[in-house]
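In: make a model of this:
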Amino acid sequence: MGSKHCIMKNTFSEKFNRLQDILASYKTVAVAFSGGVDSTFLLKTAHGRLGQGAVAVTVDSPLIAPDEIQTARSFTATEGIPHEIIYVDIFKNEAVIANPPDRCYHCKLDVFRAIAAFASSRGIARIAEGSNADDRDDYRPGFRAITELSVRSPLMEAGFTKKDIREASRAMGLTAWDKPANPCLATRIPCGTAITKEMLDAVYRAEEYLHGLGIRDVRVRHHGSVARIEVPRDQQDIILREPAASAIANVFKRLGFAHIALDIEGYRRGSMNKPASGGRDDGQG
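Out: Numbers count the residues shown, from 1 in each chain. You can find the predicted model right below:
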C-alpha cells in the first residue's frame, strides 16, 4: 500500500514538474480564465511560476452566467493577479447563434481571437487554456479552434487529469477545487435551435433559483415552452416536495415556460448533444 502511494505521489510530482517547466518556457502568458476548477488551478500555478508575467483574461458574453464573471474577478483580486475582462458579442456571429453541432468551434474562434488581440497588444508571448488529459476522449469541436490558433493546453500537455487538478487545488486551498462544471448557457439549448437572449436569460434565472434551494449540479434544458430539469437522482425529491414544487412552477412560468418537467434519468453532462453528435459537447453541459 505504501509503495503504491509512493508511486502515485511520484507520478503527480512528475506531472507538476512538467507543468512548471512548460509554464517557465512561456516567459509571459495570457491564461483564458473562466473561474472554473481547471483554469483556476492553471492560473494560480502560472502566477506562482511567472509572477506578473501571467495575466488572466476572462471573456464575458451573453453565453456566460453573470456570477461566473464575478467569481473570476473576485479570485484575481484576492490573489493580486493582473486580470482583463473582454466582452465578445456572440450575437454578431450567425454561426454561433444558429447553434449547429459544432457551435463551440465557431464560438472558441471568436473567444480566442479576442484573447490573441489582447495578448498581442500587451506583448504577451503565449495564450494558454485549461483543457486537461481527460478531455482528449470527449467530443470537443471547440478544441479544433484552439489548435488552429496555436493556443497551448499546458495541463493536458503535462498529463493532468480532472482528479489530479481537484486534488491539487484542494491541497493548495483553492475554493474552486470542488466547484461543479458550469459551461456556457448555450449548452442548455438543443442543437439546431437558434439561440436568443431571452432563452439564455430564462435558463440562467431558472438555474439560479434552483441553486438557491441547495442544488449545486443542475441543468435546465430549454425546449421551447418546456423546461426540462436535470438534477442528481438523490436530489430529485427536493424538486418534488411541497411547497418547493409549486414555488418552482410559479417561478418557471414567470420566466416564460408553460410546462416544467423533471427528467427521471437525472443530471447527465452533455445530454443535449447526444442525439446530434453521439458524444458530448465541447462545454460538457
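
In: which parts of the stretch 151-285 of the chain are strands?
Out: 219-223, 226-230, 259-262 (DSSP state E, counting those that start in this stretch).

In: deepest-packed of these, please.
Out: Among the strands of the stretch 151-285 of the chain, strand 219-223 has the highest mean neighbour count (mean count of other CB atoms under 10 Å), at a mean of 22. To be clear about C-beta, it is placed using only N, CA and C from the backbone, and glycine gets the same treatment.

In: ok, back up a step: make a markdown table out of the strands of the stretch 151-285 of the chain and add distance to residue 71 and mean pLDDT.
Out: As requested, the strands of the stretch 151-285 of the chain are arranged in a markdown table below (distance: least, CB to CB, whole Å; pLDDT from 0 to 100):
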| stretch | distance to residue 71 | mean pLDDT |
| --- | --- | --- |
| strand 219-223 | 19 | 98 |
| strand 226-230 | 22 | 98 |
| strand 259-262 | 28 | 97 |
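
In: dump the ones you listed to a markdown table, plus distance to residue 34.
Out: Written out in a markdown table, the entries for the strands of the stretch 151-285 of the chain read as follows (distance: least, CB to CB, whole Å):
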| stretch | distance to residue 34 |
| --- | --- |
| strand 219-223 | 17 |
| strand 226-230 | 21 |
| strand 259-262 | 29 |
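
In: the stretch 1-150 of the chain: strands as residue ranges?
Out: 29-32, 54-60, 83-87, 126-128.

In: in contact with the nearest residue to residue 148 once chain neighbours are set aside, which residues?
Out: In this structure, residue 148 finds its nearest non-sequential neighbour in residue 109, 7.6 Å apart by CB to CB, 6 or more residues apart in numbering. Counting by CB atoms under 8 Å, 6 or more residues apart in numbering, residue 109 makes contact with 145, 148, 149.

In: how close does the second one get to residue 63?
Out: Taking CB to CB, to the nearest Å as the measure, residue 148 and residue 63 are separated by 20 Å.

In: so for the residue nearest to residue 148, what's the pLDDT?
Out: The pLDDT attached to residue 109 in the predicted structure is 97.

In: next one: it from residue 225, what distance?
Out: Computed as CB to CB, the residue 109 to residue 225 distance reads 33 Å.

In: who's in contact with residue 128?
Out: 26, 29, 30, 31, 32, 42, 46, 151, 152, 153, 154.

In: so what sits opposite it in the bridge?
Out: Taking DSSP bridges, one finds residue 31, residue 152 as the beta-bridge partners of residue 128.

In: counting neighbours, what do you get for the nearest residue to residue 155 once chain neighbours are set aside?
Out: Setting aside the residues directly before and after it, residue 155 is nearest to residue 132 in space (CB to CB, 6+ apart), at 4.7 Å. Residues within reach of residue 132, counting by other CB atoms under 10 Å, total 22.

In: can you read off the backbone torsions of residue 132?
Out: Its backbone dihedrals place residue 132 at phi -120, psi 180, with angles given as degrees, to the nearest 10.

In: determine how far stretch 188-201 lies from the middle of the whole chain.
Out: Centre-to-centre, stretch 188-201 and its host chain are 17 Å apart (CA atoms, centre = their mean, to the nearest Å).

In: for that stretch, the averaged confidence score.
Out: pLDDT averaged over stretch 188-201 equals 97, rounded to a whole number.

In: any idea how far apart the tips of that stretch sit?
Out: Stretch 188-201 has its terminal residues 11 Å apart, counting by CA to CA, to the nearest Å.

In: how about it: buried residues?
Out: Buried residues in stretch 188-201, counting neighbours by 16 or more other CB atoms under 10 Å, are found at 188, 189, 191, 195, 199, 200.
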